[in-house]
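1. Structure, please.
(2 chains)
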Amino acid sequence: MKPHLVIAALLAASPALAQTPQLTVYTYDSFLSEWGPGPAIKQAFETECGCVLNLVGAGDGAALLGRLKLEGARSDADIVLGLDTGLISAARETGLFVAHTIETDLDLPLEWNDPLFLPYDWGYFAFVGNRGEAHSTSFRELAESEQKIVIQDPRSSTPGLGLLMWVKSVFGDEAEEIWAALADNIVTVTPGWSEAYGLFLEGEADLVLSYTTSPAYHLIAEEDDSKVALPFSEGHYMQIEVAGKLAATDQPELADQFLRFMLGDAFQSVIPTTNWMYPVVLPDGGLPDGFSTLIQPETAILAPIDQAGALRDLALDEWLRALSR
Amino acid sequence: MPGPSDWAALRFTVLQALLSALFSVVLAVPVARALARRRFRGRGLLVTLMGAPFILPVIVAVLGLLAVFGRAGIVNQALGGIGLPPVQIYGLHGVVLAHVFFNLPLATRFLLQGWQGIPSERFRLAASLGFGPSDVFRQLEMPMLRTTLPGAAMVIFAICLSSFAVALTLGGGPRATTVELAIYQAFRFDFDLGRAAVLAVIQMAVVTVAALLAFRFGHINGFGRGLDRPFRRWEAEVWHLRILDALALVCAALFLLIPLAAVIWRGLPGLLDLPVQVWRAAIVSVVMALSSTLFAIILALCLAYLALARHRTEAIALIGVAVSPLVIGTGLFLLINPFSDPARWAFVLTSLVNALAALPFALRVLVPALRDIVRDYGPLADSLGMSGLSRLRLLVLPRLRRPLGFSAGLAAALSMGDLGVIALFADPERATLPLEILRLMGAYRMDTAAGAGLLLLAISLFLFWTFDRGGRRDVEA
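-> All right, here's what the predicted structure looks like:
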């Protein structure tokens, strides 16, 4: 192509670009992958807003927050989507987020009224095993059993951190004791969820730390009903994933529009079978069929968001002590 | 400042890396010797296949290993079948086992090159002098090993130093905490960049010390020039050495190839219906591997020349392999972010970082070969007035063809298999194959991921084989 043609093409293209507003959303990698909710959500929102939705990936939730801290107020991001309850207090401390203006009516097991962050999906952590085996019904029973489990390291993995907070919330000062008792059940500790789940599927352990919704994947995508999540009498720790609007956004209206869209049907209805989590607003068509077979924990546990940081550091020290013996 | 838990992590990191390097090079000696002095059908294929563990994405290789040594693996099923208690792979021994699995092939190739560096005229001379196997070992092989072993051990030590997923997954728990994991913790938990940087510097310091030690003990000891003719090793044609060599080869092949067979077996069903995104990612990865190879070869040649003058230059290259991708990625991000969107540069940066990761291996084979060329043929070339490009084209490149082919193959294969820094600023349109495997696993699609893992293995091996063969054309090796 001749140089002047290139320039002409650029000139012709640039006004069009300038007219189309762009919204940049930072999210974790698995959200925007082909197997995640990203592609469907991008298409639906762009049809609605007449804008361009840029989904930018950055590792996982913790990496996302790290990236934001690196960029500070100069960040291109208008929205950050994919922080979870364990990261909210750290995210708030950055001072980079601004209050949203969205009225909410959420289907969550507990009340939500955070001024900065809006949930978009949630789930319960649970141990997942094979149907038909004799399974424990509590942490104490598990610790006394011969069942082998594979878990994730809280220092590098979100579910690993969830388990740490789960045990700490249930057992308080006795958490270290429980970990010491669990030590002989733990086959190994993996860096992330994928490795642990892969090991479990290969038969390396009887149980893996995952979500109550994991069996739904096998049921819906593979027509395999052999996986079950274990209901624990102590209750189940929750993970709530949230999004927030950045104070430095140059598209505040569009950002609000996205947050409203996030709680609408087009977004919420793709969550169950892409992120394999519960939607925060029940879609018009209800939940997919397989979800009705999942266990429904009677007690939902979540550490108070403001104390999560301090509790986490304490719990990590106990975890390290108990498992390094 | 680093605390007691960091020092514990450092102790474990150094211990496992030392043991892994030691076992890898010691076990490689009989295997490389057998390959050096035996000619048999399928030898070339065996050499290529044995290199496969090194280029697999870590998690794919670990699942292959577990199919053999895991709780439900072949070994434990066999033990259970004859009424013996199961063996447990998780622990320090499991970490070392996995690292030997990854690095034994590499050590074997380094040593094999050492053996091939002994001119065949020397063996002829030894044969005519009536040397027995022990004389040949003392006079020819031992001096070669003294120069080759420390360097090979050093490279493997450096690789194992930044081991993260293997050490944690097979280490069995926080006892197996490595410095790399401590860096992760500093980033993710505390967002303490200063602490992460201190830990990264400690990691680099350990590699530098190891490199200096290796150079100190890796004497330079030339064999003089030869005519590169292949040669039959008369002294080794005795039955007990034949059995010994066969045993070494069979053991190594079983150890390396059975887990590989498990990877293939697991991947075959998924390979048949891979989604289009996986194929697209495969194309991205191949393009990246090729550009990475180009970077690596140019850099390696330049550094190899520098290393001739100051041979400690080679230590610089080790830093690239010993420093965590997390640190490199964050550093690059901080450098680029003020000027441009890092995601725009993800492709170039990842190929460059992958090229850096291949440098230590390339240099390990290029530097000794280049040194020999300069020493043995330099005076002749000088007297012929051969200089500049013609010297490079007529003397250096043809004689470097074998190590260059090997380096290019390794660089291509490593770049194919390495996640690199792309995960830190990924672009949804241009995922590489390892990133796509990670995404598939993260989305429960383990069977498809296994299929994609097999595709990756096939492409990596093909690239490696093509480059390596290209380098070994016309030469019986």
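2. gap between the nearest residue to residue A:314 once chain neighbours are set aside and residue A:319?
-> Nearest non-adjacent residue to residue A:314, counting by C-beta to C-beta, 6 or more residues apart in numbering or on different chains: residue A:168, 7.4 Å away. No exception for glycine: its C-beta is placed from N, CA and C like everyone else's. For residue A:168, the distance to residue A:319 equals 9 Å [C-beta to C-beta, to the nearest Å].
3. now residue B:317
-> From residue B:317 over to residue A:319 the distance is 38 Å, taken as C-beta to C-beta.
4. Quick check: which ranges of the chain have low pLDDT?
-> I went with chain A, as the question did not name one. A:1-18 (pLDDT under 70).
5. hmm, I had chain B in mind actually
-> In chain B (pLDDT under 70), the answer is B:1-2, B:217-236, B:311-312, B:420-429, B:472-477.
6. what domains does the record give for it?
-> Per automatic domain parsing, the domain ranges recorded for chain B read B:1-268, B:273-477.
7. what's the helix or strand for the closest residue to residue A:289 other than its chain neighbours?
-> Distances taken as C-beta to C-beta, 6+ apart put residue A:220 closest to residue A:289, at 7.4 Å, once the chain neighbours are dropped. Using DSSP states H and E, residue A:220 sits in helix A:214-222.
8. Ok, residue A:146 next?
-> Judged by DSSP H and E, residue A:146 forms part of no helix or strand.
9. circling back to that earlier point, among the domains of chain B, which is nearest residue A:180?
-> domain B:1-268 (12.1 Å; C-beta to C-beta).
10. Direction included, what does the strand or helix carrying residue A:53 pair against?
-> Assigned by DSSP H and E, residue A:53 falls within strand A:52-57. Strand A:52-57 sits in its sheet next to strand A:22-27 (parallel), going by DSSP bridges.
11. after the strand it pairs with, next one along is what?
-> helix A:29-32.
12. Tell me the first helix or strand C-terminal of that following helix.
-> Heading C-terminal from helix A:29-32 (DSSP H and E), you reach helix A:38-49.
13. Need the residues that contact that next one.
-> Contact with helix A:38-49 is made by A:21, A:23, A:27, A:31-32, A:51-53, A:55, A:254, A:257-258, A:261, A:266-267, A:270, A:274, B:428, as judged by C-beta atoms under 8 Å, 6 or more residues apart in numbering or on different chains.
14. Filter those down to the buried ones, PyMOL style.
-> Here is the PyMOL selection string for the buried members of these, based on 16 or more other C-beta atoms under 10 Å in any protein chain shown:
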select buried, (chain A and resi 23+27+31+32+51+53+55+254+257+258+261+266+267+270+274) or (chain B and resi 428)
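15. Just checking the longest helix anywhere in chain B against chain A, any contact.
-> Taking DSSP state H as the criterion, chain B has its longest helix at helix B:346-383. No - using C-beta under 8 Å from any C-beta of the partner chain, no contact is recorded between helix B:346-383 and chain A, whose separation bottoms out at 10.3 Å.
16. Give the buried residues for the helix or strand following that helix.
-> Per DSSP H and E, the first helix or strand lying C-terminal to helix B:346-383 is helix B:388-391. Going by neighbour count (16+ other C-beta under 10 Å), the buried part of helix B:388-391 is residue B:391.
17. Just list the residues touching residue A:265, thanks.
-> With the criterion set at C-beta under 8 Å, 6+ apart, residue A:265 makes contact with A:281, A:283-284.
18. With residue B:415 instead?
-> Neighbours of residue B:415 in contact, by C-beta under 8 Å, 6+ apart: B:285, B:288-289, B:292-293, B:296, B:351, B:354-355, B:357-358.
19. among these, which ones are buried?
-> Using 16+ other C-beta under 10 Å as the threshold, B:285, B:288-289, B:292-293, B:296, B:351, B:354-355, B:357-358 are the buried ones among those.
20. tell me the SS of residue 297?
-> In the absence of a named chain, this looks at chain A. Assigned by DSSP: H, G, I helix; E, B strand; the rest coil, the conformation of residue A:297 is coil.
21. if you could check chain B rather than the one you did, that'd help
-> helix.
22. that older thread, write the PyMOL selection for whichever of the contacts of residue A:265 are buried.
-> Burial among those is assessed by 16+ other C-beta under 10 Å; the matching PyMOL selection reads:
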select buried, chain A and resi 281+283
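23. Now look at the helix or strand that the helix holding residue A:220 is followed by and say if it contacts chain B.
-> Remark: after helix A:214-222, the chain's next helix or strand is strand A:227-229, criterion DSSP H and E. No - against chain B, strand A:227-229 shows no contacts by C-beta under 8 Å from any C-beta, the least distance being 10.2 Å.
24. helices or strands up against strand A:227-229?
-> Counting contacts by 3 or more C-beta pairs under 8 Å, 6 or more residues apart in numbering or on different chains; DSSP states H and E, strand A:227-229 packs against strand A:117-130, helix A:214-222.
25. what's the angle between the shortest one and strand A:117-130?
-> Same thing as helix A:214-222. 80 degrees (axes from the mean of the first three to the mean of the last three C-alpha atoms, to 10 degrees).
26. Thank you, goodbye.
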